[in-house]
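[1] Got a predicted structure here, sequence first:
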Amino acid sequence: QVQLVESGGGLVQAGGSLRLSCAASVRTFSTYTIGWFRQAPGKEREFVAHISWIDSRTYYADSVKGRFTISRDNAKEMSYLEMNSLKPEDTAVYYCAARAYGDYDYDERSGYDYWGQGTQVTVSS
């Protein structure tokens, strides 16, 4: 069973930065593709970023491209989401997700088998 635990959320002013962390409890973390999603109140959960298990290639939603950076540290079994130039519309619960050996459908919820409990990010104007 894979457990994912997000941390690092909080309240920040527009233009500020936050770094989210996702800690995974799995022996073969390097074989898991990792995604970050977010869900704002009253909205569907949406894709934010993905990092491949094969070559650490990254993909981003257009809304965060150039502002957010996803990374992974396989030795520490961690993934990170560095968020800069935050906007009020970035306010949401952010979720880390994982799937073994899977880089397909990386921007869809169905592309992942395991999810964390989420961490709240609030950006004030």
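    Cool, got the structure. Numbering: from 1, shown residues only.
[2] Neighbours of residue 93, how many?
    Neighbourhood size, residue 93 [other Cβ atoms under 10 Å]: 18. C-betas here are computed from N, CA, C, even on glycine.
[3] Now do the same contact list for the residue sitting nearest the centre point of the chain.
    Among the residues of the chain, the one closest to the centroid is residue 36, at 2.2 Å (Cα atoms, centre = their mean). Contact analysis of residue 36 by Cβ atoms under 8 Å, 6 or more residues apart in numbering lists 20, 22, 48-50, 70, 79, 81, 94-97.
[4] change it to 7 Å
    The contact partners of residue 36, by Cβ atoms under 7 Å, 6 or more residues apart in numbering, come to 48-49, 70, 81, 94, 96.
[5] wait, is it part of a helix?
    No. Counting by DSSP: H, G, I helix; E, B strand; the rest coil, residue 36 is not part of a helix but strand.
[6] Do you know the pLDDT at residue 18?
    What the model reports as pLDDT for residue 18 is 98.
[7] Quickly list what it is bridged to.
    residue 83 (DSSP bridges).
[8] burial count for it?
    21.
[9] For it, give its distance to residue 89.
    Applying Cβ to Cβ, to the nearest Å, the value for residue 18 to residue 89 is 15 Å.
[10] same deal with residue 108?
    If you go by Cβ to Cβ, the gap between residue 108 and residue 89 works out to 21 Å.
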